[in-house]
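*Asks:* 3D, please:
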Amino acid sequence: MIIDTDPGIDDTYAILLALRSPEIEVVGVTSLYGNVHTKMATRNALYVLEKFGRPDIPVYEGHHTSIVGASKERIADFVHGADGFGNTNQPPPTTEMVRGKTAAEFIVETANRHPGEVTVVALASATNVTLALRADPTAVVENLRAIVHLGGAFFVNGNVNPSAEANVFGDPDAADELYGSGANVTVVGLDVTQRLMFTKEDVESLGGGGAKNDVANDPAPGPGSPPSRAKASAPSKLADSPASPDPAGSFLRDISAFYMRFHVDTIGVEGIYMHDPAAVLLAFRPDLFGVASGAVRVGTDGLCRGQTVMDQGKKRWTFANAWTGEGRDRPRITVALDVDVEKVMGVFRERFRVGGGGGEDGGGGGRARMAGDGRVARVARAAARGVAAAAAALREGAEEAYRAFGNARRADAMTAMVILGAMTAGVCSSLVDRRWGARR
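*Replies:* Sure thing, here's the model as predicted:
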């Protein structure tokens, strides 16, 4: 896996998820603007790899503008802090990026050296991958195993404005070109990621699990070698004291405070969306996601710049349009639109060692948390059934009251509705107390 990233707090979660997942091997990281400027993204990528005990993984700096030469309109310092780490003022890394080779060149070289084996997970705009496409279409379209792009908002509002998601908005021309290239592209956007949230309790419990000061994978070989399992390298100078049960988790907890305040201010919830980890997980656990296939176009200017629109293929169009093209249909891509929230959050909590889970797979604590989440889900479903039944009774009672009292007694009818509403609340409260009280 190549991770194309703009770290960023949730990018940092995603990198740790990749490193702790034995299903994959990270052979390189490429940087891009987005949450921070490209140079800062390079610095932060080097830092987190060193922090997480994998300074051997090479980092290649990516492009500094969009593919049409536009500078980043705004940097998300109000989301991730000016340093990308929640203004926690981390020290500089002691390692350096690979010089003399761009991110796009590294993608092309790796795809051609290992055809059919490499997946690019693009956590920022599509710029670097599209530049690789322009440099060598065969490498990207035929030799990459897959491209997973974190981007888009298909049947929900965006997060930059009502129509656009941030990564696609950052370089809509690149996204539109990549999505129409014929490459094996899967897009996962806000339709999925805004259903995946770490709660305040999840974040606060980070750092208490595990007994190691490293991550699950062994170091990757150099960029010119095929993937293999090599002997572990020396610990990073940035690694925390071994006395900390899970220093990587402690770091995530510390940088998440700023990110959580952004969520409180904008959506009124004490938690953080797990955008970037969702893209990494989809790359090796696609069974946890529901997908659709269709031609996708991206608005590149005007009011709806950055909007992603998929032709679902439910209608045969009379006239050619931007999705059908002239003489040939636009290639279809895969779009993630659904997710098994309980299972995905279980994987996240296990790999991030939420609640004291130990070992490479999170240990018993992770499994217990997953089982607890299942009980919560069952309680929620039962409560929902209770609410539905009570609401039906409320409607029936209100209709009966209106029939009984007519227009002259609307006040009494409303009184009856209030009483029934109180009964509804009582039913739900009793249900939750009986089903969940033992867990509190």
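
*Asks:* got a pLDDT number for Asp191?
*Replies:* pLDDT recorded at Asp191 is 98.

*Asks:* ok, it touching Ala336?
*Replies:* Yes: in this structure Asp191 lies within contact range of Ala336 using CB atoms under 8 Å: 7.2 Å. All C-beta spots, glycine's among them, are computed from the backbone N, C-alpha and C.

*Asks:* Can you pick out the residue with more neighbours from those two?
*Replies:* Ala336 (25 against 22; other CB atoms under 10 Å).

*Asks:* separation between the more buried one and Asn184?
*Replies:* 14 Å (CB to CB, to the nearest Å).

*Asks:* List the contacts of the residue nearest the centre of the chain.
*Replies:* Residue closest to the average C-alpha location in the chain (CA atoms, centre = their mean): His275, at 2.0 Å. Listed by CB atoms under 8 Å, 6 or more residues apart in numbering, the contact partners of His275 are 10, 150, 190, 193, 196.

*Asks:* So which of the residues you listed are in helices?
*Replies:* When DSSP state H defines the helices, the subset of the contacts of His275 inside them is 10, 190, 193.

*Asks:* For Pro22, see how far away the last one is.
*Replies:* The reference is to Thr193. 24 Å.

*Asks:* Those two: which has the busier surroundings?
*Replies:* Thr193 (24 against 12).

*Asks:* Check the residue lying closest to that one once chain neighbours are set aside and give its pLDDT.
*Replies:* Excluding the flanking residues, the one nearest Thr193 by CB to CB, 6 or more residues apart in numbering is His275, at 4.2 Å. What the model reports as pLDDT for His275 is 97.

*Asks:* Over to Gly325?
*Replies:* 68.

*Asks:* Helices of the stretch 201-350 of the chain, start to end?
*Replies:* 247-267, 275-284, 341-351 (DSSP state H, counting those that start in this stretch).

*Asks:* mind checking which of the ones you listed is nearest Pro137?
*Replies:* Closest to Pro137 of these is helix 275-284 (CB to CB; 21.9 Å).

*Asks:* how far is the closest one from where the chain is centred?
*Replies:* 6 Å (CA atoms, centre = their mean, to the nearest Å).

*Asks:* With stretch 331-348 instead?
*Replies:* Worked out by CA atoms, centre = their mean, stretch 331-348 lies 10 Å from the chain centre.

*Asks:* Could you number the chain from 31 rather than 1 from now on?
*Replies:* In the new numbering, first residue 31, that becomes stretch 361-378.

*Asks:* Mind listing what's buried along that stretch?
*Replies:* Within stretch 361-378, the residues that count as buried by 16 or more other CB atoms under 10 Å are 361-367, 369, 373-378.

*Asks:* distance between the ends of it?
*Replies:* 33 Å (CA to CA, to the nearest Å).

*Asks:* just stretch 108-121 next, same as before
*Replies:* Rule used - CA to CA; the end-to-end distance of stretch 108-121 is 21 Å.

*Asks:* what sits up against it?
*Replies:* Against stretch 108-121 from outside (CB under 8 Å, 6+ apart): 36-39, 42, 65-66, 70-71, 74, 77, 268, 284-289, 292.

*Asks:* Filter those down to the buried ones and express that as a PyMOL selection.
*Replies:* For the buried members of the contacts of stretch 108-121, the matching PyMOL selection, counting by 16+ other CB under 10 Å, is:
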select buried, resi 36+37+38+39+42+65+66+70+71+74+77+268+284+285+286+287+288+289+292
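
*Asks:* Secondary structure element holding Thr140?
*Replies:* Assigned by DSSP states H and E, Thr140 belongs to helix 133-143.

*Asks:* Which elements pack onto that helix?
*Replies:* Helix 133-143 sits against strand 32-35, strand 58-61, strand 89-90, helix 157-165, with contacts defined as 3 or more CB pairs under 8 Å, 6 or more residues apart in numbering; DSSP states H and E.

*Asks:* among those, which is nearest Leu318?
*Replies:* Of the helices and strands packed on helix 133-143, nearest to Leu318 by CB to CB is strand 32-35, at 19.2 Å.

*Asks:* Pass me the low-pLDDT residue ranges in this protein, would you?
*Replies:* 103, 239-274, 355-358, 386-470 (pLDDT under 70).

*Asks:* angle of the helix or strand where Ile177 lies against helix 133-143?
*Replies:* Element membership for Ile177 (DSSP H and E) is strand 176-180. Taking axes from the mean of the first three to the mean of the last three CA atoms, to 10 degrees, one finds strand 176-180 and helix 133-143 inclined to each other by 150 degrees.

*Asks:* Check which residues of strand 176-180 are buried.
*Replies:* By neighbour count on 16+ other CB under 10 Å, the buried set for strand 176-180 is 176-180.

*Asks:* correct me, but Thr229 touches Tyr303?
*Replies:* No: counting by CB under 8 Å, Thr229 stays clear of Tyr303, with 11.4 Å between them.

*Asks:* before we move on, the earlier item: and the helices and strands packed on helix 133-143, which is most packed in?
*Replies:* Per residue and on average, the most neighbours among the helices and strands packed on helix 133-143 fall to strand 32-35, with a mean of 30 (mean count of other CB atoms under 10 Å).

*Asks:* longest strand of this structure?
*Replies:* Assignment by DSSP state E gives strand 319-328 as the longest strand of the chain.

*Asks:* hang on, the earlier thing: what's the spacing between the residue nearest to the centre of the chain and Glu91?
*Replies:* 23 Å.

*Asks:* got it, and Ala165?
*Replies:* Taken as CB to CB, the span from Ala165 to Glu91 is 16 Å.
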